[in-house]
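>>> coordinates only, sequence not included:
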């Protein structure tokens, strides 16, 4: 019965006379719903309020983890007398990649293709919108004298197009090498800690924002960190207290490192129902 | 090619020797990921900080829309000298319904069944966990002398089991008729405005939390409000300023009124890509 329903839906989606494909629920929520938009606005209200309050009373420490710190025992890069800055990821943190996700939604079943994403970086600058709440928050933060810096895993080779996307959406100024840092800028690969260290050498970073835990520390992407351990690392101890207090997370149920896990990873063994089935699984 | 991949996945899921079903991405994000957990903690940090600050300087107005108010021109119920309270939804606002969603995840393709949910209300109290951040925030709010009230669309007929779920998760005291309001308490049906009005007659409600826009005002559920209009209503004008300033939204990409919309609802016509395909859709 289950099988028949799913197969009918699939055949419907594949046939020539079919309706347009249905939109994945994560996209409906993030890009289409009042709930998703409200969540972003709420996060940017908190981000702005936090940064303006901290800027009035210069902090001793940044919110960038110091070298050798762990998630269990976080320590932070001291600020010295460096000027204040905030560091934000770009995609699904300040930018809604609507054109790319539209293309994905209209090609159901297709897998992620790095070449297609690269083409998107190069040509998609006019098919984005800012995340709700980001433009006014970043403007207020700049007015308070705090520099806004983007740290993205888009490629340095596409810097001009990414500048155009951010600036065209009203989120700028984004300028590669000063307020825009990209993959391959400091070191090869997608790890962001080397760029955070380089930014920290010039600025006191008072807040960060991102939709992936790697936007805050590469420690969350340690090889072998199981899904439940990763959630525990983010939601317990000193790290838990950072969310909304220097580290600000945007909800992204569309893609990324949060979309992993088996039944056993996601659902604790002692929280299953109906009770008589839970024990047999 | 796309079809073949999807069909293979489907056949895999349906066959007798298959792996356990894959977990829907919204559940992975909400219940399993560090990102999802961090989002909840962040929201409860903001909720607690807001309530404690407002409680120190009694507000003139509540955050409950007054009768006759509109989303375009919101007005609020005055507080008078009534004691302070906060009003929160229960499911996926303070409670993770892990047992019910586990059952859903292990039966892919099945549609929502009100009878099954009713059975869950009656028997699932031990298969929940609190939403990360909720227990400590609600405790701090109570210590500040603010009453915590739950306004849920669970059925009044199941009040004892819902009290047990909330109290067992450490979120209480929840007591039906005082700190727990349920469907059919004031009026039949799922509209929450009648219950909000009844609560407002006794309390000055300084903040609300929910995962659905209907947790804030039934105006968001007006018949005929198209998906893009609803998003616009939530993210523009005076309402936009309420998110994080009295109205606090928890992210829920698993179910509810945010999971609606066609391609044309979700993706603006002028933000499509590749550019040469967008115009032809």
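Looks like it came in fine. Nothing here was measured: the structure is a model prediction, and the numbers come from that model.
>>> residues contacting residue A:152?
With contacts defined as Cβ atoms under 8 Å, 6 or more residues apart in numbering or on different chains, the neighbours of residue A:152 are A:89, A:90, A:91, A:162, A:180, A:181, A:182, A:183. All C-beta spots, glycine's among them, are computed from the backbone N, C-alpha and C.
>>> Please apply the same query to residue A:240.
Neighbours of residue A:240 in contact, by Cβ under 8 Å, 6+ apart: A:234, B:38, B:41, B:132, B:133.
>>> Can you tell me how far the residue positioned nearest the centre of chain A is from chain B?
Most central residue of chain A, judged by C-alpha distance to the mean C-alpha position with Cα atoms, centre = their mean, is residue A:211 at 1.9 Å. Residue A:211 sits 7 Å away from chain B, going by Cβ to the nearest Cβ, to the nearest Å.
>>> returning to what we had before: may I see the ChimeraX selection of the buried members of the contacts of residue A:240?
In ChimeraX, this line selects whichever of those come out buried by 16 or more other Cβ atoms under 10 Å in any protein chain shown:
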select /A:234 /B:38,41,132,133
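>>> and the contacts of residue A:240, which of them are in helices?
The helices in this structure, assigned by DSSP state H, contain A:234, B:38, B:41 from the contacts of residue A:240.
>>> from the contacts of residue A:240, which single one is nearest residue B:47?
Nearest to residue B:47 out of the contacts of residue A:240 is residue B:133 (Cβ to Cβ; 8.4 Å).
>>> Quick check: that closest one touching residue B:44?
Yes: using Cβ atoms under 8 Å, residue B:133 makes contact with residue B:44 at a distance of 3.3 Å.
>>> If you average the pLDDT over the top strand by length along chain A, what comes out?
Assignment by DSSP state E gives strand A:147-155 as the longest strand of chain A. The average of the pLDDT scores along strand A:147-155 is 98.
>>> Kindly point out the strands partnered with it and how each is oriented relative to it.
Here strand A:147-155 has these sheet partners by DSSP bridges: strand A:84-88 (parallel), strand A:180-183 (parallel).
>>> Now render these as CSV, adding mean pLDDT.
Written out in CSV, the entries for those read as follows (pLDDT from 0 to 100):
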stretch, mean pLDDT
strand A:84-88, 98
strand A:180-183, 98
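>>> Could you count how many residues lie near the closest residue to residue A:155 other than its chain neighbours?
What sits nearest to residue A:155 in space, not counting adjacent residues and going by Cβ to Cβ, 6 or more residues apart in numbering or on different chains, is residue A:183, at 5.2 Å. Using other Cβ atoms under 10 Å in any protein chain shown, residue A:183 is surrounded by 20 other residues.
>>> same question, residue A:122
The number of residues near residue A:122, taken as other Cβ under 10 Å, comes to 15.
>>> list the contacts for it?
By Cβ under 8 Å, 6+ apart, the contact set of residue A:122 is A:158, A:161.
>>> just to revisit the earlier point, quick one, which of the strands paired with strand A:147-155 is packed in tightest?
Highest mean neighbour count among these (mean count of other Cβ atoms under 10 Å in any protein chain shown): strand A:84-88, with a mean of 25.
>>> average pLDDT across the helix or strand that that strand is followed by?
Later in the chain than strand A:84-88, the nearest helix or strand by DSSP states H and E is strand A:95-96. The average of the pLDDT scores along strand A:95-96 is 98.
>>> Quick one: name whatever helix or strand follows the longest strand of chain A.
helix A:159-168.
>>> quick one: that following helix to strand A:147-155, angle?
Angular relation of helix A:159-168 and strand A:147-155 on a 0 to 180 degree scale: 130 degrees, by axes from the mean of the first three to the mean of the last three Cα atoms, to 10 degrees.
>>> close to chain B, is helix A:159-168?
No: applying Cβ under 8 Å from any Cβ of the partner chain, one finds helix A:159-168 out of contact with chain B, separated by at least 11.6 Å.
>>> Compute the number of surrounding residues for residue A:175.
The burial metric for residue A:175, expressed as a neighbour count using other Cβ under 10 Å, is 14.
>>> wait, I meant residue A:158
For residue A:158, the count of nearby residues is 21 (other Cβ under 10 Å).
>>> burial measure for the closest residue to it other than its chain neighbours, as a count.
Once its chain neighbours are removed from consideration, residue A:158 has its nearest residue in residue A:121; the separation is 4.2 Å (Cβ to Cβ, 6+ apart). As a burial measure, residue A:121 scores 21 neighbours (other Cβ under 10 Å).
>>> pretty sure residue A:121 contacts residue A:159?
No: using Cβ under 8 Å, residue A:121 is not in contact with residue A:159; the gap is 9.5 Å.
>>> Closest residue of the stretch 51-200 of chain A to chain B?
For the stretch 51-200 of chain A, the residue closest to chain B is residue A:99, as judged by Cβ to the nearest Cβ, at 2.9 Å.
>>> mind checking pLDDT for that residue?
Residue A:99 is assigned 98 on the pLDDT scale.
>>> SS state for it?
For residue A:99, the secondary structure call by DSSP: H, G, I helix; E, B strand; the rest coil comes out as helix.
>>> measure it to residue B:271 for me?
Noted for residue A:99: a distance of 6 Å to residue B:271, by Cβ to Cβ, to the nearest Å.
>>> related to what we said a few turns ago, what would the ones in helices among the contacts of residue A:240 look like in a markdown table with distance to residue B:224?
Formatted as a markdown table, those follow (distance: Cβ to Cβ, whole Å):
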| residue | distance to residue B:224 |
| --- | --- |
| A:234 | 41 |
| B:38 | 37 |
| B:41 | 37 |
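>>> Any chance of CSV for those, columns distance to residue B:82 and pLDDT?
What follows is the ones in helices among the contacts of residue A:240, written out as CSV (distance: Cβ to Cβ, whole Å; pLDDT from 0 to 100):
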residue, distance to residue B:82, pLDDT
A:234, 39, 98
B:38, 35, 98
B:41, 30, 98
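>>> Closest one of those to residue A:252?
Out of those, the one with the shortest distance to residue A:252 is residue B:38. That distance is 11.5 Å, counting by Cβ to Cβ.
>>> how about residue A:188, what does it touch?
Residues touching residue A:188, when contacts are defined by Cβ under 8 Å, 6+ apart, are absent altogether.
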